[in-house]
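Participant: Compute the structure for the input listed below.
(chains A and B)
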Amino acid sequence: MIKPLRRTLSLLLIAALVLGSLPVAAAPAPADGMVTTQDALAAERAQGDRERIHAVLAREDVREQLVAQGVDPAEVEARVAALSDAEAAQMADRLDEMPAGASVVGALFAVFVILLVTDILGLTNVYPFTR
Amino acid sequence: MTDCPKRQRPPTRNARLAGVLALGLALLLLAGCASAPRLDESTRQAVAPRVLLDEVPFHGQRDYQCGPASLAMVLQHDGVATDVDALIPQVFTPGREGSVQPEMLATVRRHDRIPFVIEGRLDTLLRELDAGHPVVVMQNLSLPAWPVWHYAVAIGYDLGAEQMILHSGMEPARVEAFRPFDATWARSGRWAFVALSPGELPATIDAEAALQAIGDFEAARGAAAALPAWEALAGRFPAHAMVQFALGNARHAQGDGEGAIAAYRAAVSADDRLAPAWLNLGLALAGAGRRDEAQDALSRAAALPGRWQARSREALERLEEEPR
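Facilitator: Predicted coordinates:
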């Protein structure tokens, strides 16, 4: 009875501490109390504080994923800093399956034949020699 | 009970016929999906019949590097001193053997250019080219089941011949007919962007998309870098309240108090229910020592229900507590 309670409590405490330290980074409010353009735009799009906190967590997540995907750790910080909140959230959710422009065919023979036909039909553009 | 047909054909012939029919139908359907893209008559009237931005430099892609190569082309075209080798560590993701869309945009920001994702229509693409902006497009050269994602740079078109001209892969100024180009572009959701210096705007962008693009750029690069873009956007949409509000914020951050006040005033006269504009107007006026006007503006902000009301009331109380 005590153990699950203690675990829940400590999880809540961790969450409270982490979230408590975040909003400063999430919404760098100017010292003079003015509303920033980014805050006003976020509010207009009905994004609450929850989304803003989510965006900060997303950046941390993207940082880790990029390192895991072989990006030079020295570059990761600058790469993540240049992302918008929405882009960071998008990458955190689905970096693994998002389209990555590379233009290299790594296909099987059956696929080769199908794509050859569709190339000739002008539906695809995989093989330059079909033009 | 149903009567069985007396003379039944061998089932194999039926199956073969059905197979041929199904194949024919499938091909027809596929071809139907990829019918030639239609252009608005207004676009045909508005743009030059033939455009080629031949001053856009070409960089042949190495393995998987169409992302960095495409970025190098548009950034160099806009005067950024960079090259493919410098861009690879900034945008390429080795684990994915490619470059993802958000990071294509983010990398443009790192080079102090603003990425504007344009509306995914052939009309929009042609209008941007007509305005002299090379456009980075994402294509899926293959079928959805086996995608071959690819970035290329559209540098021109020929309306009469219905052809696009693209720096693509290893081929400079490659000619692709509208139909296959549009079919491969459609499979990326017709994703495309232009990379412009702050102060330049896409020919086709609407106010909301531009607000987002410049706002994201400002968050990454700061108000000083974004100010020319806000000035240009306010020039194009002078009666848009959020645009004027954003301009006011950027001017304020640069220490231009009177300029900020003027922009906030334009914002609230365009939309007198834009609470953050009243609030910032009040604070800017208070900062300039114009107490009565400040009190007016803050009262307007505090009267509007919503997210900024509490903050506005606090600001108003603070102002009223101050000794005159």
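
Participant: anything in stretch B:192-211 near chain A?
Facilitator: Yes: Stretch B:192-211 reaches chain A (C-beta under 8 Å from any C-beta of the partner chain) through B:L211. Placement of C-beta: from N, CA and C, glycine included.

Participant: May I see the buried residues of that stretch?
Facilitator: B:192-196, B:198, B:200-205, B:210-211 (16 or more other C-beta atoms under 10 Å in any protein chain shown).

Participant: how about the strands in chain A?
Facilitator: A:100-101 (DSSP state E).

Participant: so what are the domain limits for it?
Facilitator: Using automatic domain parsing, the domains assigned to chain A come out as A:26-99, A:101-131.

Participant: and B:A173, that one's in a strand?
Facilitator: Yes: looking at B:A173 with DSSP: H, G, I helix; E, B strand; the rest coil, it is inside a strand.

Participant: quick one: secondary structure of the closest residue in space to it that isn't next to it in sequence?
Facilitator: The shortest distance from B:A173 to any non-neighbouring residue, by C-beta to C-beta, 6 or more residues apart in numbering or on different chains, is to B:I165 (5.5 Å). Following three-state DSSP, the label given to B:I165 is strand.

Participant: Relative to B:A152, how far out is B:I165?
Facilitator: Distance, B:I165 to B:A152, by C-beta to C-beta, to the nearest Å: 10 Å.

Participant: shouldn't A:L116 be in contact with A:T130?
Facilitator: Yes: contact criterion C-beta atoms under 8 Å: A:L116 and A:T130 qualify, at 6.9 Å.

Participant: For chain A, name the helix or strand with the lowest mean pLDDT.
Facilitator: When the helices and strands of chain A are scored by mean pLDDT, DSSP states H and E, helix A:23-26 comes last with a mean of 39.

Participant: partners of the strand ranked longest in chain B in the sheet?
Facilitator: Of all segments of type strand in chain B, defined using DSSP E, the longest is strand B:149-158. Under the criterion DSSP bridges, strand B:149-158 sits next to strand B:50-52 (antiparallel), strand B:135-140 (antiparallel), strand B:163-168 (antiparallel) in its sheet.

Participant: Just after the shortest one, pick out the following helix or strand.
Facilitator: Beyond strand B:50-52 on the C-terminal side, the first helix or strand identified by DSSP states H and E is helix B:66-77.

Participant: Other residues contacting whatever helix or strand comes next after that following helix?
Facilitator: Remark: after helix B:66-77, the chain's next helix or strand is helix B:84-91, criterion DSSP H and E. Helix B:84-91 is contacted from outside by A:71-72, A:75, A:78-79, B:59, B:62, B:65, B:67-69, B:71-72, B:75, B:99, B:103-104, B:106-107, B:110, using C-beta atoms under 8 Å, 6 or more residues apart in numbering or on different chains.

Participant: Bridge partners for B:A154, pull those for me.
Facilitator: Beta-bridge pairing for B:A154 (DSSP bridges): B:V135, B:L166.

Participant: per-residue pLDDT, it?
Facilitator: pLDDT recorded at B:A154 is 98.

Participant: so it touches B:P134, yeah?
Facilitator: Yes: with contact defined as C-beta under 8 Å, B:A154 reaches B:P134; the gap is 6.6 Å.

Participant: Would you enumerate the residues in contact with the residue nearest to B:A173?
Facilitator: By C-beta under 8 Å, 6+ apart, the residues touching B:I165 are B:52, B:154-158, B:173-176.

Participant: do B:E41 as well
Facilitator: By C-beta under 8 Å, 6+ apart, the contact list for B:E41 is empty.

Participant: Quick check: residues of the stretch 201-324 of chain B near chain A?
Facilitator: Residues of the stretch 201-324 of chain B found near chain A (C-beta under 8 Å from any C-beta) are B:211-212, B:215-216, B:218-220, B:242, B:245-246, B:249-250, B:252-253, B:276, B:279-280, B:283-284, B:287, B:307-308, B:311, B:314-315.

Participant: hang on, isn't A:R52 packed against A:D85?
Facilitator: Yes: judged on C-beta under 8 Å, A:R52 makes contact with A:D85 at a distance of 7.3 Å.

Participant: and for the two, which residues touch both?
Facilitator: A:A42.

Participant: hmm, back to that, tell me which of the strands paired with strand B:149-158 is the most buried.
Facilitator: Highest mean neighbour count of those: strand B:135-140, a mean of 26 (counted as mean count of other C-beta atoms under 10 Å in any protein chain shown).

Participant: pLDDT value on A:R94, please?
Facilitator: 86.

Participant: hmm, I was thinking of B:A15
Facilitator: For B:A15, the model assigns a pLDDT of 66.

Participant: Please apply the same query to the one 4 residues further on.
Facilitator: Taken from the predicted model, the pLDDT recorded for B:G19 is 67.

Participant: Show the low-confidence segments of the stretch 51-200 of chain B, by residue range.
Facilitator: Judged by pLDDT under 70, the stretch 51-200 of chain B has no weakly predicted residues.
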